[in-house]
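>>> Sequence below, structure please.
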Amino acid sequence: MKSPVVKRSIVVAGHKTSVSLEDAFWKALKDIAILRQVTLSDLVASIDGERRHGNLSSGIRLFVLDYYQTRSNGHAEPATAPAPREMLRELMQDNKHMAAAMRKAHKLCDDHEDSGTAGLLETFIDETERRTWFLFEASRQEGSNAA
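Take a look at the predicted model:
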């Protein structure tokens, strides 16, 4: 019978190590790294630096568990949603970050004379900037449009 725990290699603080995790914990860990906009190695290094006892695999499991419990207030029901204005502002910030990342990719395309990809990125950047402006206006006017 195949074990649900899979041994995975990862570089932590410049040293190759391995952790044994179930697929669900590994996927959750990668999702958290993406949400925090950090590399998986950096996230695991911070977990490793903060754990008080136990092995790294256990520390990762506890970190993932704590992350999702915190997001749900430790109960089965999700935490109260942020106010609509805060949600709009968060989306606006996410779009600003996305536009900045696409501008960097566009510069890379220009540097390598990839006009096809650069052209697509220009379209995506324009759409993202329009969406950012819309979110800015919506967050500014939210609450004052009550009909």
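>>> Spell out for me which residue occupies the centre of the chain.
Within the chain, one residue has its C-alpha closest to the average C-alpha position: by CA atoms, centre = their mean, that is residue 35, at 1.2 Å.
>>> is it true that that residue lies in a helix?
Yes: the secondary structure assignment for residue 35 places it in a helix, going by DSSP: H, G, I helix; E, B strand; the rest coil.
>>> So for it, what's the pLDDT?
With respect to pLDDT, residue 35 has a value of 87.
>>> How many neighbouring residues does residue 28 have?
Around residue 28 sit 19 other residues, with neighbours defined as other CB atoms under 10 Å. In short, each C-beta sits where N, CA and C put it, glycine included.
>>> just the one 5 residues further on next, same as before
By other CB under 10 Å, the residues close to residue 33 number 16.
>>> Least confident secondary structure element in the chain?
With mean pLDDT, DSSP states H and E as the measure, the helix or strand of the chain carrying the lowest mean pLDDT is helix 56-71 (a mean of 88).
>>> and the helix or strand that comes right after that helix, what does it pack onto?
Using DSSP states H and E, the next helix or strand after helix 56-71 towards the C-terminus is helix 84-111. Applying 3 or more CB pairs under 8 Å, 6 or more residues apart in numbering; DSSP states H and E, one finds that helix 84-111 contacts helix 115-141.
>>> Flag every buried residue along the helix it packs on.
Neighbour counts over helix 115-141 (16 or more other CB atoms under 10 Å) mark 118, 121, 125, 128, 131-132, 135, 138-139 as buried.
>>> if we can go back for a sec, what are the buried residues along the least confident helix or strand of the chain?
Buried residues in helix 56-71, counting neighbours by 16+ other CB under 10 Å, are found at 56-57, 59-61, 63-64, 67.
>>> Dump these into TSV; add distance to residue 106 as well.
Output for the buried residues of helix 56-71, formatted as TSV (distance: CB to CB, whole Å):
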residue	distance to residue 106
56	39
57	40
59	39
60	36
61	40
63	35
64	35
67	33
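>>> circling back to that earlier point, tell me the two of the buried residues of helix 115-141 that are most distant?
Greatest spacing in the buried residues of helix 115-141, by CB to CB: 118 and 139 (30.9 Å).
>>> Where does the prediction get shaky in this protein?
Within the chain, the ranges that satisfy pLDDT under 70 run 1-3, 73-82, 142-147.
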